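Novice: Next one to model:
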Amino acid sequence: MSVTIYHNPECGTSRNTLAMIRNAGVEPTVIEYLQTPPTRERLVELIGKSGLSVRDALRQKGTPYAALGLDDPLLSDDDLLDAMLEHPILINRPFVETPHGVRLCRPSEVLLDIMPEARSVPFTKEDGEVVVDAQGRRVK
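Specialist: Modelled structure (predicted):
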């Protein structure tokens, strides 16, 4: 199975998502997007396939979002994409692509919607929160 994760190793949600993928027995293509940002076309594709708006894919916390005035509702999608490409930290993470779709995996258990292989394998997040229990049941 081909799985790609746009990953930031400093992000707990991204680390948990990557761990959940590997826990299901899949070694994904890991793209550390801060070092290797997606092209504009690829970013537009990921956002579109995930069902999000460009604004929904913007990360605010810990970024230059406010300093750049990105909260201005008059900014176009192109303006927001330009900012995301110039400052990749503005791209929310982790985006994951599987044969079953693309999602922004926030929270990390969103992965289960596009990776059925991970649904029945016990998994606990690094903070101790159980996502899938020992009987293979999703814990909400």
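
Novice: Does Thr98 touch Asp113 like I think?
Specialist: No. Judged on Cβ atoms under 8 Å, Thr98 makes no contact with Asp113 at a distance of 9.6 Å. Any C-beta I mention is one placed from the backbone N, CA and C, and that applies to glycine too.

Novice: higher neighbour count, the two?
Specialist: Higher neighbour count among Thr98 and Asp113: Thr98, with 22 against 15, using other Cβ atoms under 10 Å.

Novice: Leaving out sequence neighbours, find the closest residue to the spatially most central residue of the chain.
Specialist: Geometric centre of the chain, nearest residue: Pro94, 1.9 Å, by Cα atoms, centre = their mean. Using Cβ to Cβ, 6 or more residues apart in numbering and skipping the chain neighbours, the partner closest in space to Pro94 is Ser14 (4.2 Å).

Novice: so the one you found sits in a helix?
Specialist: Yes. Using DSSP: H, G, I helix; E, B strand; the rest coil, the assignment for Ser14 is a helix.

Novice: and it, how many neighbours does it have?
Specialist: Applying other Cβ under 10 Å, we find 24 residues neighbouring Ser14.

Novice: what residue ranges in the protein score low on pLDDT?
Specialist: Scanning the chain for pLDDT under 70 picks out nothing.

Novice: So which residues of it form strands?
Specialist: 4-7, 29-32, 95-98, 101-104, 123-124, 130-132 (DSSP state E).
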